[in-house]
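Undergrad: Test case, fold it:
(one chain, ligands or ions: 1)
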Amino acid sequence: MSIVTCIAPVNIAVIKYWGKRDEQLILPVNDSISASLDTDQLCAKTTIMASADFDADRIWLNGREESINNPRLQNCLREIKKRAQLSPEMENWKLHICSKNNFPTAAGLASSAAGYACLSAALAKLYRVEGDISSIARCGSGSACRSVYGGFVRWYAGTDPNGNDSIAKQIVPASHWPEMRILILVVNEERKKTSSAIGMKNGVLTSELLKYRAEHCVPKRVEEMNQAIMTKNFEKFAQLMMKDSNQMHAVCLDTSPPCFYLNDVSFGVIDLIHAYNEASNRVKVGYTNDAGPNTVLYLLEKDVPEVLGLLDYYFPSKPVDNVEYKRGNPPASA
Ligand code: DP6
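TA: From the prediction side, this is the model:
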């Protein structure tokens, strides 16, 4: 029996992927950029056992058996086998795949991204496939291709109808910007109502703003973001990120039927961050939201204690009677 184990990080997009130009191949309408989190914090871990003695391929996610016929999973298996030089032994293998996340699934924390990146890395190791595997991870979930690398990563939308140029590349390793910190505010651990796949599919079909964003906004923004990362310009970085996140959610509203991912707490955090930055006379914190209410903050290490204090004051984990944050009020303590 052959056994391999891999881990892969969660990534949080700072320029969002929202919309596919090809649903089948999972090709995006625009480039996107993300940061991969340290794997000691939030990650997926996948172990694959391969043996000719197993009766069938099987998969367990977080301890529960799931269908091996999931089309996205099958896409990854097919792609890896296409790239592998299959020995007679490998031809007879059946796989037992066990994957675990150490964070809530489908809560807008890109669990599928880490999961499919990890699955692809483990399959590549098992079948001895070398070279870039981001296009294999992409076949499982678009954003997964960015979790194949650490640090800041860019997913190039590409123009090839077959998707050969739709791959992820590292912009810089995490060591380039060691002061950067990410705070994940878990507002709600429930599953989202509209999956990102459905939300973006409806968006491509019905939102003019999505088309405008992909053609006229993101191409310039993605270059500016690349530059802000290279030069470690935090203020520029945070401003671009907030604008892009809000635009993605504006596209969601412009979609028919509209999809809503943010809730009152997410809006409250957004208001608070703007008020805090304004009171500080500089952009100290940036926020971004994926397809869920959880808000992710990017900030520099030196500002973490103050921001944690601020969040604790306005959004205490347990309700406190005499502390109430009213949307629109600037924080008194900033
Ligand atoms: C809002 O990668 O989950 O997180 O390709 O359909 O699996 P599929 O979508 P998915 O979409 C993620 C969208 C996002 C933004 C981002 O990560 O860039």
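
Undergrad: At the contact with the ligand, which residues of the stretch 51-200 of the chain appear?
TA: Within the stretch 51-200 of the chain, the residues that sit near the ligand (Cβ under 6 Å from any ligand atom) are 110, 112-113, 141-143, 196-197. In this view, the C-beta of every residue, glycine as well, is placed from N, C-alpha and C.

Undergrad: Surely Ser266 and Thr295 touch.
TA: Yes: using Cβ atoms under 8 Å, Ser266 makes contact with Thr295 at a distance of 5.3 Å.

Undergrad: picking that back up, adding neighbour count, pLDDT and distance to Leu27, write the residues of the stretch 51-200 of the chain next to the ligand out as a markdown table.
TA: What follows is these, written out as a markdown table (neighbours: other Cβ atoms under 10 Å; pLDDT from 0 to 100; distance: Cβ to Cβ, whole Å):
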| residue | neighbour count | pLDDT | distance to Leu27 |
| --- | --- | --- | --- |
| Ala110 | 30 | 58 | 19 |
| Ser112 | 22 | 88 | 17 |
| Ala113 | 30 | 93 | 16 |
| Ser141 | 24 | 96 | 13 |
| Gly142 | 26 | 97 | 8 |
| Ser143 | 29 | 97 | 13 |
| Ser196 | 25 | 93 | 15 |
| Ala197 | 16 | 94 | 14 |
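
Undergrad: so which of those residues comes closest to Ala13?
TA: Ser143 (6.7 Å; Cβ to Cβ).

Undergrad: picking up where we left off before, could you check which of Ser266 and Thr295 is surrounded by more residues?
TA: The neighbour count for Ser266 versus Thr295, taken as other Cβ atoms under 10 Å, is higher for Thr295 (27 against 22).

Undergrad: Looks like Met248 contacts Gly19 (just checking).
TA: No: with contact defined as Cβ under 8 Å, Met248 and Gly19 do not form a contacting pair (9.5 Å).

Undergrad: Between the two, which has more neighbouring residues?
TA: It is Met248, of Met248 and Gly19, that has more neighbours when counted by other Cβ under 10 Å, with 27 against 24.

Undergrad: which helix is the longest one in this protein?
TA: The helix spanning the most residues in the chain, taking DSSP state H as the definition, is helix 234-253.

Undergrad: What segments of the stretch 101-250 of the chain are helices?
TA: Using DSSP state H, counting those that start in this stretch, the helices assigned to the stretch 101-250 of the chain run over residues 111-126, 134-138, 196-206, 208-212, 218-230, 234-253.

Undergrad: Next, the buried residues of the fourth one.
TA: Across helix 208-212, burial judged by 16 or more other Cβ atoms under 10 Å covers 209-210.

Undergrad: Other residues contacting it?
TA: With Cβ atoms under 8 Å, 6 or more residues apart in numbering as the test, helix 208-212 has contacts from 18-19, 29, 203-204, 247, 250-251, 254-255.

Undergrad: Spatially, what comes nearest to Tyr127 if we skip its sequence neighbours?
TA: Ala84 (3.8 Å; Cβ to Cβ, 6 or more residues apart in numbering).
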